[in-house]
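>>> Just to be clear, the model below is a prediction. Sequence and coordinates:
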Amino acid sequence: MKLTINGFIKCGYNKTHKSASLSDYLQAVPINIPVGEFSEPTLAMPDECKLKGVSHIESYRNYYNKEKAYMAKWNYTAQPTWFGEQYA
């Protein structure tokens, strides 16, 4: 994820993301993070944006389409294909 974030920041804004300076430390999983099953993250959005029975990704897409569209613009990359889709 770190490399993806830094690649996006460099591509769009010609800057280096702060996480790039941590690349050596992030090559291995930290020893204080337990290994186990993936648990869906808590959704930090209004309840009306949360979608039942789908992944958290779909709920965040819904949230950005409904609540954050006013601030969305793509100067250096193409608009994501999911943006502007109709969500329930």
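Here it is on my side, so go on. Residues are numbered from 1 along each chain as shown.

>>> Look at the most far-flung residue of the chain relative to its centre and tell me its secondary structure.
Farthest-out residue of the chain from its mean C-alpha position, per Cα atoms, centre = their mean: Ile31, at 24.5 Å. Three-state assignment for Ile31 (DSSP: H, G, I helix; E, B strand; the rest coil): coil.

>>> Just the element for Gly36, please.
In this structure, Gly36 sits in neither a helix nor a strand according to DSSP states H and E.

>>> Around it, count how many other residues there are.
Counted with other Cβ atoms under 10 Å, residues neighbouring Gly36 total 6. The way it works is simple: take the backbone N, C-alpha and C, and place the C-beta from them, glycine included.

>>> Number the chain from 20, please
Noted, 20 is the first residue going forward, which turns the last one into Gly55.

>>> residues touching it, list them.
Going by Cβ atoms under 8 Å, 6 or more residues apart in numbering, Gly55 touches no other residue.

>>> Test for you: state the pLDDT assigned to Tyr89.
Note on Tyr89: pLDDT of 92.

>>> can you give me phi and psi for it?
In terms of degrees, to the nearest 10, the main-chain angles of Tyr89 are phi -60, psi -30.

>>> So what's the residue count around it?
If you count neighbours by other Cβ under 10 Å, Tyr89 ends up with 6.

>>> where's it relative to Thr96, distance?
19 Å (Cβ to Cβ, to the nearest Å).

>>> Also Gly72?
Distance, Gly72 to Thr96, by Cβ to Cβ: 30 Å.

>>> what do you get for Val48?
Shown here: Val48 relative to Thr96, a distance of 30 Å by Cβ to Cβ.
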